[in-house]
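Colleague: coords below, sequence missing:
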């Protein structure tokens with residue numbers, strides 16, 4: 001009789017381990033799905049485009065052509081990565097491009113502030 005309890009207890013422990021393993025597997029799958037859904041950097045790329053436009057409007061082409069060109073190229077690479085569904089790389093490239101565009105915008109604003117009115 002005692003041996004039967006041990007057997008039932010062993011079976012219960014195996015079932016619990018299987019349930020835990022299934023829950024872990026489902027949880028991992030959920031993380032992957034959520035990462036894929038949340039991965040497309042649509043807002044980041046939009047922000048980058050807007051910053052590039054602002055830099056262009058401020059005259060960055062004249063006073064900061066290198067960072068502006070780097071921003072444009074970075075956004076192009078981000079679009080390519082997005083097309084490849086490499087969202088992590090697209091986000092990284094878009095953020096770098098936005099940083100370059102911000103530098104170009106600041107340079108243009110500083111140059112405009114130094115110009116006599």
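Modeller: All right, it came through fine. Here the structure is a predicted model, which is why all the values come from computation and not from measurement.
Colleague: residues in contact with the residue nearest in space to the middle of the chain?
Modeller: Centroid-nearest residue in the chain: residue 91, 3.5 Å away (criterion: Cα atoms, centre = their mean). Residue 91 makes contacts with 39, 41, 44, 78, as judged by Cβ atoms under 8 Å, 6 or more residues apart in numbering. For every residue, glycine as well, the C-beta is placed using N, CA and C.
Colleague: just give me the neighbour total for the residue nearest to the first one when sequence neighbours are not counted.
Modeller: So the one you mean is residue 39. Closest residue to residue 39 apart from its sequence neighbours, by Cβ to Cβ, 6 or more residues apart in numbering: residue 87 at 3.3 Å. Neighbour count of residue 87, defined by other Cβ atoms under 10 Å: 19.
Colleague: likewise for residue 40?
Modeller: Residues near residue 40, counting by other Cβ under 10 Å, number 14.
Colleague: gap between the nearest residue to it once chain neighbours are set aside and residue 70?
Modeller: In space, and not counting its chain neighbours, residue 40 is closest to residue 87: 5.4 Å by Cβ to Cβ, 6+ apart. The gap separating residue 87 from residue 70 is 22 Å, by Cβ to Cβ, to the nearest Å.
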